[in-house]
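Chemist: After the sequence you'll find the predicted model.
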Amino acid sequence: MKILVIGDSCTDVFVYGQIDRLCPEAPVPTFQPVSQKENGGMARNVKNNLVALGADVHIISNDNGMKKVRYVDTNSNQMIMRLDENDVCGRIENLRDMSFSDYDAIVISDYDKGFLHVDDIQYICEKYEDVFIDTKKEIDDWIMNVKYIKINSIEYNNNVKYIKRNDNHQNKIQSYREKNLSKPLIEDEPMDVEPIDELFKSNIQDPSFKEKEISDIEDPW
(Lines give C-alpha, C1' and ligand atoms only; values in the text may rest on other atoms or scores of the structure.)
Protein backbone atom coordinates (compact mmCIF):
# COMPACT_ATOMS: atom_id res chain seq x y z
CA MET A 1 0.00 0.00 0.00
CA LYS A 2 1.26 3.45 -0.93
CA ILE A 3 0.40 6.15 1.60
CA LEU A 4 1.03 9.89 1.75
CA VAL A 5 1.32 11.63 5.12
CA ILE A 6 0.76 15.39 5.21
CA GLY A 7 1.19 17.51 8.32
CA ASP A 8 3.31 19.33 10.86
CA SER A 9 6.43 17.60 12.12
CA CYS A 10 9.10 18.24 14.71
CA THR A 11 12.21 16.66 16.16
CA ASP A 12 11.58 14.74 19.37
CA VAL A 13 14.56 14.88 21.71
CA PHE A 14 14.77 12.72 24.82
CA VAL A 15 17.45 13.73 27.33
CA TYR A 16 17.95 11.01 29.95
CA GLY A 17 19.62 11.87 33.21
CA GLN A 18 19.86 11.34 36.94
CA ILE A 19 18.19 13.22 39.77
CA ASP A 20 19.68 12.75 43.23
CA ARG A 21 18.92 15.99 45.03
CA LEU A 22 16.90 19.20 45.03
CA CYS A 23 18.37 22.50 43.97
CA PRO A 24 19.33 24.62 47.01
CA GLU A 25 18.10 27.78 45.22
CA ALA A 26 14.54 26.56 44.58
CA PRO A 27 12.38 23.48 45.24
CA VAL A 28 13.20 21.89 41.88
CA PRO A 29 15.23 18.76 41.04
CA THR A 30 18.84 18.97 39.93
CA PHE A 31 19.11 17.09 36.62
CA GLN A 32 22.39 15.59 35.37
CA PRO A 33 22.20 14.55 31.67
CA VAL A 34 23.55 11.10 30.82
CA SER A 35 22.39 10.34 27.27
CA GLN A 36 20.26 11.74 24.47
CA LYS A 37 18.06 10.28 21.74
CA GLU A 38 16.40 12.02 18.77
CA ASN A 39 13.73 10.93 16.30
CA GLY A 40 11.11 12.42 14.02
CA GLY A 41 7.99 13.56 15.82
CA MET A 42 4.35 14.40 15.06
CA ALA A 43 3.69 13.70 11.35
CA ARG A 44 7.10 12.06 10.95
CA ASN A 45 6.25 9.75 13.84
CA VAL A 46 3.06 8.80 11.99
CA LYS A 47 5.14 8.04 8.91
CA ASN A 48 7.51 5.85 10.93
CA ASN A 49 4.60 3.91 12.44
CA LEU A 50 3.10 3.26 9.00
CA VAL A 51 6.48 2.15 7.64
CA ALA A 52 6.75 -0.26 10.57
CA LEU A 53 3.44 -1.76 9.44
CA GLY A 54 4.92 -2.44 6.01
CA ALA A 55 3.47 0.45 3.99
CA ASP A 56 5.29 2.44 1.32
CA VAL A 57 5.06 5.91 2.85
CA HIS A 58 5.96 9.37 1.58
CA ILE A 59 5.61 12.59 3.57
CA ILE A 60 4.99 16.27 2.89
CA SER A 61 5.86 18.35 5.93
CA ASN A 62 7.62 21.43 7.21
CA ASP A 63 11.34 21.67 7.77
CA ASN A 64 12.15 20.41 11.24
CA GLY A 65 12.70 23.76 12.91
CA MET A 66 10.32 22.69 15.68
CA LYS A 67 11.79 20.72 18.53
CA LYS A 68 10.29 19.11 21.63
CA VAL A 69 12.90 18.30 24.27
CA ARG A 70 11.82 15.93 27.04
CA TYR A 71 13.92 15.48 30.17
CA VAL A 72 13.55 12.01 31.65
CA ASP A 73 14.75 10.71 35.01
CA THR A 74 16.51 7.37 34.38
CA ASN A 75 15.69 6.00 37.84
CA SER A 76 11.91 6.32 37.49
CA ASN A 77 11.61 6.74 33.69
CA GLN A 78 9.47 9.76 34.57
CA MET A 79 9.50 12.82 32.31
CA ILE A 80 10.09 15.85 34.52
CA MET A 81 9.89 18.62 31.91
CA ARG A 82 9.24 19.27 28.23
CA LEU A 83 10.78 22.24 26.45
CA ASP A 84 9.20 23.28 23.12
CA GLU A 85 11.29 25.29 20.67
CA ASN A 86 9.90 27.12 17.60
CA ASP A 87 6.37 25.84 18.15
CA VAL A 88 4.98 27.21 14.86
CA CYS A 89 5.81 26.55 11.22
CA GLY A 90 5.11 27.98 7.78
CA ARG A 91 2.13 27.01 5.65
CA ILE A 92 2.35 24.36 2.93
CA GLU A 93 3.17 25.89 -0.46
CA ASN A 94 1.74 25.11 -3.92
CA LEU A 95 -0.70 22.51 -2.59
CA ARG A 96 -3.08 22.93 -5.51
CA ASP A 97 -0.28 22.27 -7.98
CA MET A 98 0.38 18.84 -6.45
CA SER A 99 -1.21 15.55 -7.47
CA PHE A 100 -1.75 12.74 -4.98
CA SER A 101 -3.65 10.38 -7.29
CA ASP A 102 -0.87 7.76 -7.17
CA TYR A 103 -1.50 7.08 -3.48
CA ASP A 104 -3.87 4.49 -2.05
CA ALA A 105 -4.57 6.65 1.00
CA ILE A 106 -3.75 10.07 2.42
CA VAL A 107 -3.18 10.60 6.13
CA ILE A 108 -3.50 14.17 7.39
CA SER A 109 -1.63 14.55 10.68
CA ASP A 110 -2.50 18.10 11.68
CA TYR A 111 -1.07 19.37 14.95
CA ASP A 112 -2.34 22.90 14.22
CA LYS A 113 1.13 24.45 14.16
CA GLY A 114 0.53 26.34 10.90
CA PHE A 115 1.44 23.89 8.13
CA LEU A 116 -2.16 23.19 7.13
CA HIS A 117 -5.00 25.71 7.19
CA VAL A 118 -8.62 24.60 7.21
CA ASP A 119 -9.08 25.37 3.51
CA ASP A 120 -6.02 23.22 2.72
CA ILE A 121 -7.56 20.29 4.57
CA GLN A 122 -10.95 20.89 2.94
CA TYR A 123 -9.32 20.93 -0.50
CA ILE A 124 -7.58 17.59 0.10
CA CYS A 125 -10.74 15.96 1.48
CA GLU A 126 -12.86 17.14 -1.45
CA LYS A 127 -10.35 16.16 -4.14
CA TYR A 128 -9.35 12.70 -2.87
CA GLU A 129 -11.43 9.80 -1.55
CA ASP A 130 -9.44 7.80 0.98
CA VAL A 131 -8.40 10.49 3.43
CA PHE A 132 -7.75 9.84 7.13
CA ILE A 133 -7.39 12.79 9.47
CA ASP A 134 -6.19 13.52 12.97
CA THR A 135 -6.50 17.23 13.69
CA LYS A 136 -6.04 19.35 16.78
CA LYS A 137 -8.26 22.05 15.29
CA GLU A 138 -11.86 22.47 16.34
CA ILE A 139 -13.70 20.63 13.59
CA ASP A 140 -16.35 22.24 11.41
CA ASP A 141 -17.87 21.86 7.95
CA TRP A 142 -14.43 21.94 6.29
CA ILE A 143 -14.04 18.33 7.42
CA MET A 144 -17.33 17.20 5.87
CA ASN A 145 -15.82 15.20 2.98
CA VAL A 146 -13.16 13.32 4.94
CA LYS A 147 -13.54 9.53 5.02
CA TYR A 148 -12.12 8.70 8.47
CA ILE A 149 -11.60 10.85 11.56
CA LYS A 150 -9.23 9.75 14.33
CA ILE A 151 -10.22 11.44 17.56
CA ASN A 152 -9.39 10.91 21.23
CA SER A 153 -11.78 11.35 24.14
CA ILE A 154 -10.74 14.94 24.92
CA GLU A 155 -11.09 15.99 21.27
CA TYR A 156 -14.42 14.19 21.04
CA ASN A 157 -15.80 16.02 24.08
CA ASN A 158 -14.51 19.35 22.73
CA ASN A 159 -16.32 18.75 19.42
CA VAL A 160 -19.37 16.81 20.59
CA LYS A 161 -21.86 19.55 19.64
CA TYR A 162 -20.66 19.59 16.04
CA ILE A 163 -20.54 15.79 15.84
CA LYS A 164 -24.12 15.52 17.09
CA ARG A 165 -25.27 17.99 14.45
CA ASN A 166 -23.68 15.82 11.75
CA ASP A 167 -24.78 12.22 12.16
CA ASN A 168 -22.82 11.12 9.08
CA HIS A 169 -19.60 11.63 11.07
CA GLN A 170 -20.51 8.83 13.46
CA ASN A 171 -19.28 6.11 11.09
CA LYS A 172 -16.18 8.10 10.16
CA ILE A 173 -14.78 8.45 13.66
CA GLN A 174 -12.12 6.07 14.89
CA SER A 175 -11.73 6.77 18.60
CA TYR A 176 -9.51 5.46 21.41
CA ARG A 177 -11.89 3.94 23.96
CA GLU A 178 -10.58 1.61 26.62
CA LYS A 179 -13.97 0.04 27.36
CA ASN A 180 -17.71 0.23 26.62
CA LEU A 181 -16.94 -0.29 22.92
CA SER A 182 -20.46 -1.59 22.36
CA LYS A 183 -22.04 1.72 23.37
CA PRO A 184 -23.01 4.18 20.60
CA LEU A 185 -20.31 6.73 19.85
CA ILE A 186 -22.71 9.66 20.04
CA GLU A 187 -23.82 10.01 23.63
CA ASP A 188 -24.88 12.83 25.92
CA GLU A 189 -22.31 12.28 28.65
CA PRO A 190 -18.52 12.42 28.21
CA MET A 191 -16.96 9.18 27.01
CA ASP A 192 -16.16 6.74 29.80
CA VAL A 193 -12.39 6.31 29.84
CA GLU A 194 -10.69 3.95 32.27
CA PRO A 195 -8.45 5.76 34.78
CA ILE A 196 -4.81 5.44 33.78
CA ASP A 197 -3.80 3.90 37.10
CA GLU A 198 -6.44 1.17 36.76
CA LEU A 199 -5.45 0.64 33.15
CA PHE A 200 -1.82 0.27 34.20
CA LYS A 201 -2.70 -2.23 36.95
CA SER A 202 -4.73 -4.37 34.55
CA ASN A 203 -1.93 -4.33 31.96
CA ILE A 204 0.86 -5.11 34.40
CA GLN A 205 -0.98 -8.28 35.43
CA ASP A 206 -1.20 -9.40 31.82
CA PRO A 207 1.82 -11.60 30.97
CA SER A 208 1.74 -10.32 27.37
CA PHE A 209 2.19 -6.72 28.54
CA LYS A 210 5.64 -5.31 27.77
CA GLU A 211 7.16 -2.17 29.19
CA LYS A 212 8.12 0.56 26.75
CA GLU A 213 10.67 3.32 26.85
CA ILE A 214 9.02 6.72 27.20
CA SER A 215 10.39 7.65 23.77
CA ASP A 216 8.18 4.96 22.24
CA ILE A 217 5.02 6.30 23.83
CA GLU A 218 3.48 8.90 21.57
CA ASP A 219 0.17 9.49 19.89
CA PRO A 220 0.52 7.22 16.84
CA TRP A 221 -1.40 9.67 14.69
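Modeler: Cool, the structure landed.
Chemist: How about the contacts made by residue 82?
Modeler: Each residue near residue 82 by CB atoms under 8 Å, 6 or more residues apart in numbering is listed here: 68, 69, 70, 71. Bear in mind the C-beta positions are built from the backbone N, C-alpha and C, glycine included.
Chemist: my bad, should have said residue 55
Modeler: Contacts were defined as CB under 8 Å, 6+ apart; by that measure residue 55 touches 1, 2, 3.
Chemist: Among those, name the buried ones.
Modeler: For the contacts of residue 55, a burial check counting by 16 or more other CB atoms under 10 Å picks out residue 3.
Chemist: between the contacts of residue 55, which is closest to residue 139?
Modeler: If you rank the contacts of residue 55 by distance to residue 139 using CB to CB, residue 3 comes first, at 22.2 Å.
Chemist: ok, the closest one to residue 104 distance?
Modeler: Counting by CB to CB, to the nearest Å, the gap from residue 3 to residue 104 is 6 Å.
Chemist: How about residue 75?
Modeler: Between residue 75 and residue 104 the distance is 45 Å, computed by CB to CB.
Chemist: thinking again about what came up before, and the contacts of residue 82, which of them are in helices?
Modeler: Using DSSP state H, no member of the contacts of residue 82 sits in helices.
Chemist: Where neighbours are concerned, which of those has the most?
Modeler: Of all those, the highest neighbour tally under other CB atoms under 10 Å goes to residue 71, namely 19 neighbours.
Chemist: tell me which element the most far-flung residue of the chain relative to its centre is part of?
Modeler: Here the chain reaches farthest from its C-alpha mean at residue 24, the gap being 37.6 Å by CA atoms, centre = their mean. Assigned by DSSP states H and E, residue 24 belongs to neither a helix nor a strand.
Chemist: Phi, psi for it please.
Modeler: Summarising the backbone geometry of residue 24 under the convention degrees, to the nearest 10, its torsions are phi -70, psi -20.
Chemist: That one and residue 152, how far apart?
Modeler: Taking CB to CB as the criterion, residue 24 is separated from residue 152 by 41 Å.
Chemist: Show me which positions of stretch 141-150 end up buried.
Modeler: By neighbour count, with 16+ other CB under 10 Å as the criterion, the buried positions of stretch 141-150 are 142, 143, 145, 146, 149, 150.
Chemist: I'd like to know which of the residues you listed is nearest to residue 32.
Modeler: Using CB to CB, residue 150 is the member of these that sits closest to residue 32, with 38.6 Å.
Chemist: Could I get the average pLDDT for stretch 5-23?
Modeler: When pLDDT is averaged over stretch 5-23, the result is 96.
Chemist: before we move on, back to that, let's have the buried residues of stretch 141-150 in a markdown table, adding pLDDT.
Modeler: Formatted as a markdown table, the entries for these read as follows, by pLDDT from 0 to 100:
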| residue | pLDDT |
| --- | --- |
| 142 | 91 |
| 143 | 87 |
| 145 | 88 |
| 146 | 89 |
| 149 | 87 |
| 150 | 88 |
